[in-house]
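Peer 1: Sequence and predicted model, in that order:
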Amino acid sequence: MSVLVERLRYDGFWGVDRMRLCAEAADEIERLTAERNPQPARKIGGSYQADGAVVARFQTRAGLERVVFEFNEPKGMLHIFTPEQIEGAA
């Protein structure tokens, strides 16, 4: 939870409902910010291995988790993999 939200709660500035909504918004902002920071990773298994970074995560319509992997070489190439195919994607 953000420091500002904590301070406002202790100062008694907001009611409980506004506090809860603000805390949820702060948590969501932190989650989205973390997703935008690429995580160094390595594509493993299959016919090739590669170094790069996980730049995004999402769920398919069937509810399966996928990761978007950006290759170091060729620079900027993106592929979608299962988390099991990416070392460091956990």
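Peer 2: Arrived safely, thanks for sending. Residues are numbered from 1 along each chain as shown.
Peer 1: tally of neighbours for residue 89?
Peer 2: Counted with other C-beta atoms under 10 Å, the neighbours of residue 89 add up to 20. (C-beta placed from N, C-alpha, C; glycine too.)
Peer 1: In space, what's closest to it - neighbours in sequence excluded?
Peer 2: residue 83 (4.6 Å; C-beta to C-beta, 6 or more residues apart in numbering).
Peer 1: and the one you found, how many neighbours does it have?
Peer 2: For residue 83, the count of nearby residues is 16 (other C-beta under 10 Å).
Peer 1: longest strand in this protein, by residue count?
Peer 2: Longest strand in the chain, counting residues (DSSP state E): strand 50-59.
Peer 1: So which elements touch that strand?
Peer 2: For strand 50-59, the packing partners by 3 or more C-beta pairs under 8 Å, 6 or more residues apart in numbering; DSSP states H and E come out as strand 39-43, strand 65-71.
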